[in-house]
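Asker: A structural model of the following input is requested.
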Amino acid sequence: MTNPFSPESGSFTLGSLQSGPACCVPEPVIQVKNLSLRYGARHALDDVTLDIYRGCVTALIGPSGCGKTSFLSVLNRLTDLIPDCHLKGEIYLNGQDIHDPACNVQHLRRTIGMVFQKPTPFPLSIYRNLALPLHEHGMTRRAEVDVVIEQTLHDVGLWEEVRDRLHTSALSLSGGQQQRLCIARALALNPAIILMDEPCSALDPIASGIVEDLICRLRGRYTIVIVTHNLAQARRIANYAAFFWVGEQEHAGQVIEFGHCRDIFEASVHPLTTAYISGARG
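Answerer: Here you go, the predicted model:
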């Protein structure tokens, strides 16, 4: 299979993939090829080609307005819900075209979960926040639901904190707890991939650290794609990083450089990447 990041395939540079940890052997689970996206007349992404590797954390970095959140949204077809949104290119999940008419979008969104920038618990009890999506996807037996809820709350480190108040409002939780509950809600559906759009940006440093630790624990069990403006955070938690920038022609987001996180931060090849990492641009 041709490497989509070869010099012949586009204008950006691939860092060395050989330096990744042994637990994160590069195996694409998502392949994005020549993706362009626009909202009406406004271009958001231009000719993006990028692989997302199974079991790894991939950080999307770059300044605001360069298409990182839009890129996340196309991966589980949330862009279908946006009026006048037009997409060109191909996206494959485990080799299957997610825009094939036979694709079950509900199943796709169960496979690729999403955690948003601001914690978004439902105005329901902690228990119902997790039970509701399970019911919607056909799990109705109380005993099975209880097992999944307890397990996912353990996974995000919330069980001991909320086990005695599962039937109180989720809105009574702190911001960090609410975000971990939202991650638990995504995990409850047993996804293969979790998309995270700046999950720590609304949290204080202590809560952010807890969520970072959680992401590191989930790495390997799940494939994680995270948008972050915190470069130190990206360096701490990610296996791979993709640097987005706004192109001069269409003023749309492009991938300038992609590679192992250490290479991006310590030995980036493209001068724009180096300038952004050093704080000289962006």
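Asker: how about residues contacting the helix or strand residue 148 falls within?
Answerer: If you go by DSSP states H and E, residue 148 is part of helix 142-155. Residues outside helix 142-155 that contact it (CB atoms under 8 Å, 6 or more residues apart in numbering) are 127, 130-131, 134-135, 139, 159, 162-163, 166, 184-185, 187-188, 217-218. In short, each C-beta sits where N, CA and C put it, glycine included.
Asker: drop anything exposed from those.
Answerer: Buried by 16 or more other CB atoms under 10 Å: 127, 130-131, 134, 159, 162, 166, 184-185, 187-188, 218, out of those.
Asker: any chance of those in a markdown table, plus secondary structure?
Answerer: Formatted as a markdown table, the buried ones among the contacts of helix 142-155 follow (DSSP: H, G, I helix; E, B strand; the rest coil):
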| residue | secondary structure |
| --- | --- |
| 127 | helix |
| 130 | helix |
| 131 | helix |
| 134 | helix |
| 159 | helix |
| 162 | helix |
| 166 | coil |
| 184 | helix |
| 185 | helix |
| 187 | helix |
| 188 | helix |
| 218 | helix |
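Asker: between the residues you listed, which is closest to residue 97?
Answerer: residue 187 (26.3 Å; CB to CB).
Asker: for that closest one, which non-adjacent residue is closest in space?
Answerer: In this structure, residue 187 finds its nearest non-sequential neighbour in residue 152, 4.7 Å apart by CB to CB, 6 or more residues apart in numbering.
Asker: low pLDDT regions in the stretch 1-150 of the chain?
Answerer: 1-25 (pLDDT under 70).
Asker: what's the neighbour count on the closest residue to residue 173 other than its chain neighbours?
Answerer: Excluding the flanking residues, the one nearest residue 173 by CB to CB, 6+ apart is residue 181, at 6.4 Å. Neighbours of residue 181 under the rule other CB atoms under 10 Å: 23.
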